[in-house]
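# Curious how this folds, go ahead:
(one chain, ligands or ions: 1)
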Amino acid sequence: MSTVDFKMIRRDLHQIPELGFQEFKTQKYLMDYISSLPGDRYERKQWKTGLFVKVRGTEPSKTIGFRADIDGLPITEQTGLSFPSRHEGRMHACGHDFHMAIGLGILTHFVHHPIKDDLLFIFQPAEEGPGGAEPMLRSDEMKEWKPDVIFALHIAPEYEVGAIALKPGLLFANTSELFLTFKGKGGHAAYPHQTKDMIVAASAFVTQMQGIVSRNVDPLDSAVITIGKMEAGTVQNIIAEKARLEGTIRTLSEASMVKVKAKLEALIKGIETTYDCSIDVDYGSMYHQVYNDPACTQDFLDYIEESGKTEAIICKEAMTGEDFGYMLKEIPGFMFWLGVGSPYGLHHAKLDPDEKAIDHAINLMTGYIGQL
Ligand SMILES: CC(=O)N[C@@H](CCC[C@H](N)C(=O)O)C(=O)O
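Take a look at the predicted model:
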């Protein structure tokens, strides 16, 4: 019987957030914890900074998968918690510390109470970027241990603690990162006519870009283009010869992603001509939409209703992205939102999810998986 406090594990992990494919301390923490469990019940394989852990069943006829993402974000924490991030400028502001603690809780339960089937726990790096799910899916380790069904969860600050929200079919959007580099001709602030000002060009791009979604995408088929970072110039009296924009594109349909990119490229050509500059575009990493298998999702909803353990909300699609979508493209399963009741949302420096959700999710998922 496990007496581990998974809230404390979450707190340990909360203090060591690392960016995608740099999760060395996180991986070591996970491995050290797993090594403390009876070694005859599981096998473990390292994959880059992630981990596959197979918990052996008693008479396996299938493998049930659970995926937890493990990376943090480049955010300076402002929660005021007594266990803040010890890594400057890094924070678990998307709940991956919760996801890992819950994954370890489920794993621990089944190491102590094996079921008939095998279980595969996937601790996946780089969900926030550049994406670990797709290469993990293609890895030899995954080929050897590929699950027949797979589940994942994501914390949801907007739902009350313990609520479960999901829907069959499309849950999260298609995503593409967007990196733009503007190059012109810098010069003296007093002689603008002799320069090609990249602050003006980049600003025009950001302003005109706002019309792409509103005038090209069917309002019932949502899309979002967000520029999250703008960088240009050196000092107040020099006209900038370079500007850089970093953003992301989100679309519910794949067709809209193609259309939005075509319109962005047309706008780029126009800005290049108007402002006499060159613009390099790089789409970075792209994630496939999260599409919940309807039959698996219904089975989970039925379980929730019959167990009376919690409330299940049928939610709308969200414009968030998740590279777990690649796993669901090849393996039936689902992702769901886990309510953690925080006034601050995902990717916010003050995000402070309610830790009661941890034991609740472990209890729910061990119960569900145990009866499959
Ligand atoms: C759940 C969540 O917040 N996921 C991230 C995924 C980011 C993908 C990529 N870096 C991008 O920005 O396009 C999200 O921001 O939705």
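# Walking through the stretch 1-150 of the chain, point out its helices one by one.
Counting by DSSP state H, counting those that start in this stretch, one finds helices in the stretch 1-150 of the chain at the ranges 6-14, 24-35, 96-112, 133-138, 140-145.
# how about these in CSV, adding mean pLDDT and mean neighbour count?
Yep, even glycine has a C-beta here, placed from its N, CA and C like the rest. Rendered in CSV, the data for the helices of the stretch 1-150 of the chain read as follows (pLDDT from 0 to 100; neighbours: other CB atoms under 10 Å):
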stretch, mean pLDDT, mean neighbour count
helix 6-14, 98, 20
helix 24-35, 98, 17
helix 96-112, 98, 25
helix 133-138, 98, 19
helix 140-145, 97, 14
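# Relative to the ligand, which of these is closest?
helix 96-112 (9.3 Å; CB to the nearest ligand atom).
# thinking again about what came up before, can I get the helices of the stretch 1-150 of the chain in JSON lines with distance to Thr274?
Shown next, in JSON lines, are the helices of the stretch 1-150 of the chain (distance: least, CB to CB, whole Å):
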{"stretch": "helix 6-14", "distance to Thr274": "48"}
{"stretch": "helix 24-35", "distance to Thr274": "47"}
{"stretch": "helix 96-112", "distance to Thr274": "42"}
{"stretch": "helix 133-138", "distance to Thr274": "38"}
{"stretch": "helix 140-145", "distance to Thr274": "48"}
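# wait, which of these is closest to Ala349?
helix 6-14 (13.4 Å; CB to CB).
# buried ones in stretch 177-187?
Glu177, Leu178, Leu180, Thr181, Phe182, Lys183, Gly184, Gly186, Gly187 (16 or more other CB atoms under 10 Å).
# What parts of the stretch 51-200 of the chain come near the ligand?
Residues of the stretch 51-200 of the chain lying near the ligand by CB under 6 Å from any ligand atom: Cys94, Glu128, Gly129, His154, Thr175, Glu177.
# let's see it at 8 Å
Applying CB under 8 Å from any ligand atom, we find that the stretch 51-200 of the chain lies next to the ligand at 94, 127-131, 154, 172-173, 175-178.
# Could you identify the most distant pair in the residues you listed?
His154 and Leu178, at 22.7 Å, using CB to CB across these.
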